[in-house]
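J.: I would like the atomic coordinates for the input below:
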Amino acid sequence: MKIAVASGKGGTGKTTIAVSLALAASTAKVQLLDCDVEAPNCHIFLKPVVDEEEVVSLDVPAVIEQKCTYCKKCKELCQFNAIAVFGKTIMVFKEMCHSCGGCFLVCPEEAFSRDSREIGTVVTGKGKGSIKFVQGRLRVGEALATPLIKAVRSRALEDGLVILDAPPGTSCPVINTVRGADYTLLVTEPTPFGLHDLKLAAGVLWKLEQPFGVILNRSDLGYGEVEKWCNKNNVPVHLKIPFDRKVAEGYAKGQPLVEIVPNYRDRFAFLLKELSK
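T.: The predicted structure is shown next:
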């Protein structure tokens, strides 16, 4: 079973929930995929022993000047302005290339060779409780997260429990993380901002026609509109986690929720059992 943990905004507690689910699982085969490649932090709590670190690169074009006739077909095709042609000068901006391969196909003179651009690394290892761990780390300054997320997801187990910790927001990186998951848990907080972004995230999952439910973090803050909206739209609220200073202090030290407050382990185990039905 694949369970994605997402939210419409950052700071709601996605990593707390993802790590707690992995640690509370009773099955022998558990894997956590940290798909928040721009700011991965599951390793802080699982403290994995790294087995392998693999560089992920994209194919990008390099110009063969002797063959180029400056016909501009490649420039006209590229929707990301990664190729510029000025008179008898052609330039490729590798950082803007999305590696679609269209320039190779459209060039009548075959004036491109294949080069590569490093976008990040995929780290694999084993964390607490023998949890299999995969993490993507986007290269500093790189803007293209989706190919790296796909590289992380390609290492998902075929059987067993797979937890996917998604990046915040509702854009392409999130969609590529949650698409195909058996269930998605949207983590939110009872604030106007939390409700606004929950609606956006729910809209994405309705569009994808994928089942999802809500976990309400810091549930005792006093803004009841989130639960009202969930009830009105038949969105199940699976778990409510009240604010606890002890939890916040432990989190700052890299301690998982289920270790700070042990009875949460049973609550997350029950949630997993409920979702697997």
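J.: I'd like the distance between Leu161 and Cys78.
T.: From Leu161 across to Cys78, the span is 42 Å (C-beta to C-beta, to the nearest Å). Glycine gets a C-beta too; all of them are placed from N, C-alpha and C.
J.: Leaving out the residues flanking it, which one is nearest to Val5?
T.: The shortest distance from Val5 to any non-neighbouring residue, by C-beta to C-beta, 6 or more residues apart in numbering, is to Ala18 (4.3 Å).
J.: ignore the last one, Ala156
T.: Nearest non-adjacent residue to Ala156, counting by C-beta to C-beta, 6+ apart: Val162, 5.0 Å away.
J.: So what's the residue count around the one you found?
T.: Neighbour count of Val162, defined by other C-beta atoms under 10 Å: 24.
J.: same check, this time on Val187
T.: For Val187, the number of neighbouring residues by other C-beta under 10 Å comes to 28.
J.: what does Arg265 give?
T.: 17.
J.: how about it, secondary structure?
T.: Under DSSP: H, G, I helix; E, B strand; the rest coil, the three-state class of Arg265 is helix.
J.: try Tyr70
T.: Of the three states, Tyr70 takes coil under three-state DSSP.
J.: so it makes contact with Lys88?
T.: Yes - using C-beta atoms under 8 Å, Tyr70 is in contact with Lys88, at 5.9 Å.
J.: Of the two, which one has the most company?
T.: Set Tyr70 next to Lys88 and count neighbours by other C-beta under 10 Å: Tyr70 wins out with 15 against 9.
J.: Which neighbouring elements make contact with whichever strand or helix holds Lys132?
T.: Per DSSP states H and E: Lys132 is located in strand 131-138. Under the contact criterion of 3 or more C-beta pairs under 8 Å, 6 or more residues apart in numbering; DSSP states H and E, strand 131-138 touches strand 30-34, helix 42-46, strand 112-127, helix 146-153.
J.: most packed of these?
T.: Neighbour counts (mean count of other C-beta atoms under 10 Å) averaged over each of these peak at strand 30-34, with a mean of 26.
J.: Tell me what angle that strand forms with strand 112-127.
T.: Between strand 30-34 and strand 112-127, the angle comes out at 130 degrees (axes from the mean of the first three to the mean of the last three C-alpha atoms, to 10 degrees).
J.: who's in contact with the closest residue in space to Arg153 that isn't next to it in sequence?
T.: In space, Arg153 comes closest to Leu33 once its chain neighbours are excluded; the distance is 6.5 Å by C-beta to C-beta, 6+ apart. With contact set as C-beta atoms under 8 Å, 6 or more residues apart in numbering, Leu33 has these partners: 134-135, 152-153, 155-156, 162-165.
J.: where's Leu33 relative to Ala18, distance?
T.: Distance from Leu33 to Ala18, by C-beta to C-beta: 9 Å.
J.: can you check Phe45 too?
T.: Going from Phe45 to Ala18 by C-beta to C-beta gives 9 Å.
J.: Can you name the element that comes right after the lengthiest helix in the chain?
T.: Secondary structure of the chain per DSSP state H: the longest helix is helix 192-208. Counting by DSSP H and E, the next helix or strand C-terminal to helix 192-208 is strand 212-217.
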